[in-house]
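>>> I'd like to go over a predicted model; first the sequence, then the structure.
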Amino acid sequence: MIILLSGEKKYSVEGEALDKVNSMGREIFEALERNDIATMCTQLKALHSYVKENGTRADPYKNADVVIPPADCDANELRDFFNLQKTP
């Protein structure tokens, strides 16, 4: 699978590494739903690091299958990205 780290590069991730990426993505989504911003930020940064460490650089002209928001993305941007309703 080709993953674009928004604002960075594209990486190819396969096998167990892809399973871990999916798991980390779910953790970020769940933290955002709980409004646990600290965990969300920590996990998003960890996801970027994991993809860089466990993926291989992909051809920049290949289409990405998945886009991961920037590591410094704030909660409101992520809610928009995931199309979640904002909480007061």
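Here it is on my side, so go on.
>>> where in the chain is pLDDT low?
In the predicted model of the chain, residues 83-88 satisfy pLDDT under 70.
>>> what about the strands in it?
2-5, 10-12, 56-57, 66-68 (DSSP state E).
>>> Please identify the pairing partners of the last one and their relative orientation?
Sheet neighbours of strand 66-68, with direction, are listed as strand 2-5 (parallel) (DSSP bridges).
>>> Render the CA-only coordinates of the partner strand in CSV, please.
Taking Å, rounded to 0.1, in the frame of the first residue of the first chain, the C-alpha atoms of strand 2-5 are listed here in CSV:
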residue,chain,number,x,y,z
ILE,A,2,1.3,3.5,-0.8
ILE,A,3,0.9,5.9,2.0
LEU,A,4,1.4,9.7,1.7
LEU,A,5,2.5,11.4,4.8
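>>> how about it: buried residues?
For strand 2-5, burial by neighbour count (16 or more other Cβ atoms under 10 Å) applies to 2-5. Any C-beta I mention is one placed from the backbone N, CA and C, and that applies to glycine too.
>>> Turn the strands of the chain into JSON lines, including distance to Asn76.
Below are the strands of the chain laid out as JSON lines (distance: least, Cβ to Cβ, whole Å):
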{"stretch": "strand 2-5", "distance to Asn76": "20"}
{"stretch": "strand 10-12", "distance to Asn76": "26"}
{"stretch": "strand 56-57", "distance to Asn76": "31"}
{"stretch": "strand 66-68", "distance to Asn76": "17"}
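>>> Now the residue most central in space within the chain: closest residue in space, sequence neighbours ignored.
Of all residues in the chain, the one closest to the mean position by Cα atoms, centre = their mean is Ile68, 3.6 Å from it. Leaving out its chain neighbours, the residue that sits closest to Ile68 by Cβ to Cβ, 6 or more residues apart in numbering is Leu5, at 5.4 Å.
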